[in-house]
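**Student:** Next one to model:
(2 chains)
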Protein chains: 2
Amino acid sequence: MTSPRRAPGGFPVVGIIGGGQLARMCQPPAVNLSLTLSILSESADAAAALVVPSAPVGSHLDVDDVLAFAKECDVVTFDHEHVPPEVLQALVDTGVPVHPKPEALVFAQDKLAMRERLTELGVPCPAWAAVRGEAELTAFGDVHGWPVVLKTPRGGYDGKGVRLVGSGPDAADWFAHGEVLLAEERVPFTRELAVLTARSPSGQAAVWPIVQTVQTDGICTEVLAPAPGLDPALAAQASQAALTLAGELDITGVFAVEIFEIAGAPGTAPSYVVNELAMRPHNSGHWTMDGSVTSQFEQHLRAVLDLPLGAVSPRATWTVMGNVLGGDYDELYPTYKHLLARDPGLKVHLYGKGVRPGRKIGHVNVYGEDLDDLRARARHAADYLEGTVTA
Amino acid sequence: MTSPRRAPGGFPVVGIIGGGQLARMCQPPAVNLSLTLSILSESADAAAALVVPSAPVGSHLDVDDVLAFAKECDVVTFDHEHVPPEVLQALVDTGVPVHPKPEALVFAQDKLAMRERLTELGVPCPAWAAVRGEAELTAFGDVHGWPVVLKTPRGGYDGKGVRLVGSGPDAADWFAHGEVLLAEERVPFTRELAVLTARSPSGQAAVWPIVQTVQTDGICTEVLAPAPGLDPALAAQASQAALTLAGELDITGVFAVEIFEIAGAPGTAPSYVVNELAMRPHNSGHWTMDGSVTSQFEQHLRAVLDLPLGAVSPRATWTVMGNVLGGDYDELYPTYKHLLARDPGLKVHLYGKGVRPGRKIGHVNVYGEDLDDLRARARHAADYLEGTVTA
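**Tutor:** The predicted structure is shown next:
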């Protein structure tokens, strides 16, 4: 393994476990800040491995790979939340700072642990229960209504590990593995929002304006920043809850809280419940790359290094992010040429990933004054790259 | 030499000759656009070599190094203007596209050729002459006034290769080398401005708002974007002249025209003359990294690849850039921590270079509504990193 090369002047090496797009998008701010990234990468052609000089190939499941990697780093952080607890513990035992810490990360890794802790802290959640079989699920559904949202506590993201079930027996296949599952009431939400914060080890914290996330088939396809027409009281409560959580859970780095907005009775204010937590830069924060004074990737680097955080004010009235999913056509370069010609204000962010249908391969940002126009431009660009529109 | 690794999807490799900060600052937009950079670098720890996976070490003066490097690239461009004509010609002969082309680049490499061509095209220049010895210099100075600005036609930048002489014999040492020199009248300018443009091989061109550059000891220390109080007619004329030059000289890539603003007689408009040309991203354009929809580095990549150009509109009322020069203290990291704490809106761009007194090691950008405040913040940050203020 070649050692990552530091910039002269005392600048540190930030190790990131996982070579996906989140690690990749840390490289532009790292260049500006004179920080060196080293990426423990699944493969030599992973998204992040293509853009940094030091990207040793290894597995986040292998203690030896992780420890050898960490030895060359001044701090270690993550592209994803899938590093197992025993590997995390071995990593912490080496003495290299790890952010977020395993004690916090467990609440993003284990949805049951998350629900327990949030409920203790008084953070609004959907009604929920740990269910060990069809009978417990049936009991829950009969109280809170069907269908029930059933989740595997670990390993899910982007709609994986989540399903709607209409009865206890509907879930027989999942219970067959003997796992304890998380049952949640199906919340009649009006829209999904996300609160993005960053917190440093010394406790400085910052929260970006709350955004609206639009999901299609369980995958985030569009983000509107800030969330249009958001009730100021709800915004203040949810922002405060995210900051409280960050502090109480001792979260370090960028931290996303996905929430459901719930309409109030006529004449009353809306409310919210927390859906999911993520302890890393998050898809709902990609708009910050072009729409905020400090992007979530720059902020994550600052936070894990315990550097002072940057300003989180928006740079435009509206910023719209559109996720680009893989389509049937894999020669993206000729496609994006046309797109750049059509919209000189479009900011394209591609991840260097091969196209597979439905895979997140990039996103676009546009910003300005006219939200409808921005949404149309972002939507067109994403559809065009996906191949679902051709003009 | 390891081959640079392309992103899947037909994305190209852009080769940059020279591993300085201009090449380095192309990496963030290259990541976003899924382009791969390969840098022919002076050393393994050059500014750009620290931030890209492919940075073969070699000399821009060595034809074999340059040709081996270019074989792996889809287009070749430059971090600096010092590649000799015979190496450029060998490079062109390989068939790989080179931008800017040698036929254009000569006007940035050779100030005498530049003056001749600009004069032919009717672009305003100071009075000038090619002088072959003390007698010719004396004749020029006696007509146009002393002191005369004397320049070596090749190899100068940042005030190097330029001096003021008070008489013919004053320049005896330079004439001793037998070189033809460029004599120019000393223009009574009110301030220095820069016009930054980009042009693609297919002829699309764009010009950023004209900026004011502030020089200290011949080195640009501050840029105000846009130039405060600029006469609109002068702005239009100078922008048009830059676009005309880009077209007439068939310049490709980013192109800077440094100009002197000259006060008109009372009640009449100011005028300008062209001081220097640079055919690459330019210090006067570093503000675009945070202050324009498209930065000069992204635009340069787009231009040399003949991709459609991005929008050049400013993102804030004012953007101020402050150059950071090396001071006596070489541990920059602890210093910049304090600076980030003091100003959460400061955008720091460091080049990964070791500190040497007077060496350009980074810059800062700030943007907003209050020009005086922005100038004070940029000035403080640059001085603090340089070590000339300590609080």
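**Student:** Would you state the helices of the stretch 151-300 of chain A in chain order?
**Tutor:** Using DSSP state H, counting those that start in this stretch, the helices found in the stretch 151-300 of chain A span residues A:172-175, A:232-248, A:288-291, A:296-304.
**Student:** quick one, which of the ones you listed is nearest to residue B:258?
**Tutor:** helix A:288-291 (29.8 Å; CB to CB). In this view, the C-beta of every residue, glycine as well, is placed from N, C-alpha and C.
**Student:** what sits up against the closest one?
**Tutor:** Outside of helix A:288-291, the residues within contact range by CB atoms under 8 Å, 6 or more residues apart in numbering or on different chains are A:25, A:196, A:208, A:225, A:294-297, A:299, A:312, A:314-316, A:319, A:347, A:349, A:365, A:367, B:32.
**Student:** any idea of the mean pLDDT in it?
**Tutor:** Mean pLDDT, helix A:288-291: 98.
**Student:** hang on, the earlier thing: tell me the most buried of the helices of the stretch 151-300 of chain A?
**Tutor:** Among the helices of the stretch 151-300 of chain A, ranked by average contacts under mean count of other CB atoms under 10 Å in any protein chain shown, first place goes to helix A:296-304 (a mean of 28).
**Student:** what's that one packed up against?
**Tutor:** Applying 3 or more CB pairs under 8 Å, 6 or more residues apart in numbering or on different chains; DSSP states H and E, we find helix A:296-304 packed against helix A:27-33, strand A:75-78, strand A:191-199, strand A:253-262, helix A:288-291.
**Student:** of all those, which lies closest to residue B:49?
**Tutor:** helix A:27-33 (12.1 Å).
**Student:** hmm, the helix or strand just after the closest one in reach of chain B?
**Tutor:** Downstream of helix A:27-33, the first helix or strand assigned by DSSP states H and E is strand A:36-40. Yes. Contact of strand A:36-40 with chain B (CB under 8 Å from any CB of the partner chain) involves residue A:36.
**Student:** Just put the helices and strands packed on helix A:296-304 in a markdown table and tack on distance to residue B:21.
**Tutor:** A markdown table is the format used below for those (distance: least, CB to CB, whole Å):
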| stretch | distance to residue B:21 |
| --- | --- |
| helix A:27-33 | 10 |
| strand A:75-78 | 26 |
| strand A:191-199 | 28 |
| strand A:253-262 | 28 |
| helix A:288-291 | 22 |
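**Student:** Figure out which of those is closest to residue A:341.
**Tutor:** Closest among the helices and strands packed on helix A:296-304, once you apply CB to CB, is helix A:288-291, at 19.3 Å.
**Student:** Quick one: distance of the closest one to the chain centre.
**Tutor:** 15 Å (CA atoms, centre = their mean, to the nearest Å).
**Student:** what are the bridge partners for residue A:182, then?
**Tutor:** Judged by DSSP bridges, the bridge partners of residue A:182 are residue A:130, residue A:151.
**Student:** ok, now residue A:17?
**Tutor:** On the basis of DSSP bridges, residue A:17 is bridged to residue A:40, residue A:78.
**Student:** Could you count how many residues lie near it?
**Tutor:** When neighbours are counted by other CB atoms under 10 Å in any protein chain shown, residue A:17 registers 27.
**Student:** now swap in the one 10 residues further on and tell me
**Tutor:** Residue neighbour count, defined by other CB under 10 Å, stands at 26 for residue A:27.
**Student:** Mean pLDDT lowest where, among the helices of the stretch 151-300 of chain A?
**Tutor:** Looking at the helices of the stretch 151-300 of chain A, the bottom one is helix A:172-175 with a mean of 92.
**Student:** And stretch A:137-157, what's buried?
**Tutor:** The neighbour-count check on stretch A:137-157 (16 or more other CB atoms under 10 Å in any protein chain shown) flags A:137-138, A:140-141, A:144, A:146, A:148-154 as buried.
**Student:** Residue B:116 is nearest to which of the helices of the stretch 151-300 of chain A?
**Tutor:** Among those, helix A:288-291 comes nearest to residue B:116, with 43.4 Å by CB to CB.
**Student:** any low-confidence regions in chain A?
**Tutor:** A:1-2, A:156-160 (pLDDT under 70).
**Student:** center of it, which residue is that?
**Tutor:** residue A:282 (2.5 Å; CA atoms, centre = their mean).
**Student:** which residues does the nearest residue to residue A:375 once chain neighbours are set aside form a beta bridge with?
**Tutor:** Leaving aside its sequence neighbours, residue A:375 sits nearest to residue A:320 (CB to CB, 6 or more residues apart in numbering or on different chains; 5.4 Å). Beta-bridge pairing of residue A:320 under DSSP bridges involves residue A:224, residue A:366.
**Student:** quick one: contacts for residue A:320?
**Tutor:** Neighbour list for residue A:320: A:222-225, A:287, A:365-367, A:371, A:374-375, A:377-378 [criterion: CB under 8 Å, 6+ apart].
**Student:** In CSV: the helices of the stretch 151-300 of chain A, plus distance to residue B:68.
**Tutor:** Output for the helices of the stretch 151-300 of chain A, formatted as CSV (distance: least, CB to CB, whole Å):
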stretch, distance to residue B:68
helix A:172-175, 58
helix A:232-248, 51
helix A:288-291, 36
helix A:296-304, 35
